[in-house]
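Novice: One predicted model, sequence on top.
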Amino acid sequence: MIANEDRRIPAPLAAAIAVRLDSMGEDGVDFEPFEVFLSADETTEWFRAWTGNRELNGDRFRVFGQDGTGGYAALWLIRPDRVLVEQPIVFLGSEGETGVVALDLGTFLWLLADGFGPWEAAT
């Protein structure tokens, strides 16, 4: 399993984020990436508020961006035998929407290249 302390953005995602930050507002995609993952504390605070369950933590998520409503895009650490870039990408919307956006980082990068953000892909 990926160590909870490892919060470095994978190089392919960092490169895509840099391109995305340069083109925001030009393509109609509602996605604002973060240059770093949310911290463990921020992720847990958000996840508890989002679910209404104070017992949960956000250890299984690496949040790396949001849409205009505050919905988050995250790597979901659900595959214990896989590295970070092989984990699925999910969208967790501000109004409770959920969706698997891509099966892994490579697939997600293809979606971004084709003009889809996490919300667009999930909905």
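Specialist: That came through fine. Numbers count the residues shown, from 1 in each chain.
Novice: Only C-alpha atoms from now on, for both contacts and neighbour counts.
Specialist: Noted.
Novice: How many residues are close by Thr98?
Specialist: 16 (other Cα atoms under 10 Å).
Novice: Mind listing the residues bridging to it?
Specialist: Beta-bridge partners for Thr98, by DSSP bridges, are Leu92.
Novice: Wait, it touches Leu92, no?
Specialist: Yes. The criterion here is Cα atoms under 8 Å, and Thr98 meets it with Leu92 at 4.8 Å.
Novice: Just the strands from the protein, written as ranges.
Specialist: 32-33, 61-66, 72-76, 89-92, 98-102 (DSSP state E).
Novice: Which elements pack onto the fourth one?
Specialist: Counting by 3 or more Cα pairs under 8 Å, 6 or more residues apart in numbering; DSSP states H and E, the packing neighbours recorded for strand 89-92 are strand 72-76, strand 98-102, helix 118-122.
Novice: Among these, show me which one is buried the most.
Specialist: strand 72-76 (a mean of 25; mean count of other Cα atoms under 10 Å).
Novice: Report the contact partners of the residue nearest to Arg7 when sequence neighbours are not counted.
Specialist: With Cα to Cα, 6 or more residues apart in numbering as the criterion, Arg7 has its nearest non-adjacent residue at 6.2 Å, and that residue is Phe37. Going by Cα atoms under 8 Å, 6 or more residues apart in numbering, Phe37 touches 7-9, 62-64.
Novice: can you give me the mean pLDDT across stretch 9-19?
Specialist: Mean pLDDT, computed over stretch 9-19, is 85.
Novice: Also stretch 39-54?
Specialist: On average, stretch 39-54 scores 94.
Novice: how near is the residue minimising distance to the centre of the chain to Gly99?
Specialist: The centroid of the chain falls nearest to Ala74 when counting by Cα atoms, centre = their mean (2.0 Å). In this view, Ala74 and Gly99 are 11 Å apart by Cα to Cα, to the nearest Å.
Novice: Give the residues shared as contacts by these two.
Specialist: 90-92.
Novice: circling back: count of neighbours near the nearest residue to the residue nearest to the centre of the chain once chain neighbours are set aside?
Specialist: Leaving aside its sequence neighbours, Ala74 sits nearest to Val63 (Cα to Cα, 6+ apart; 4.1 Å). Residues within reach of Val63, counting by other Cα under 10 Å, total 27.
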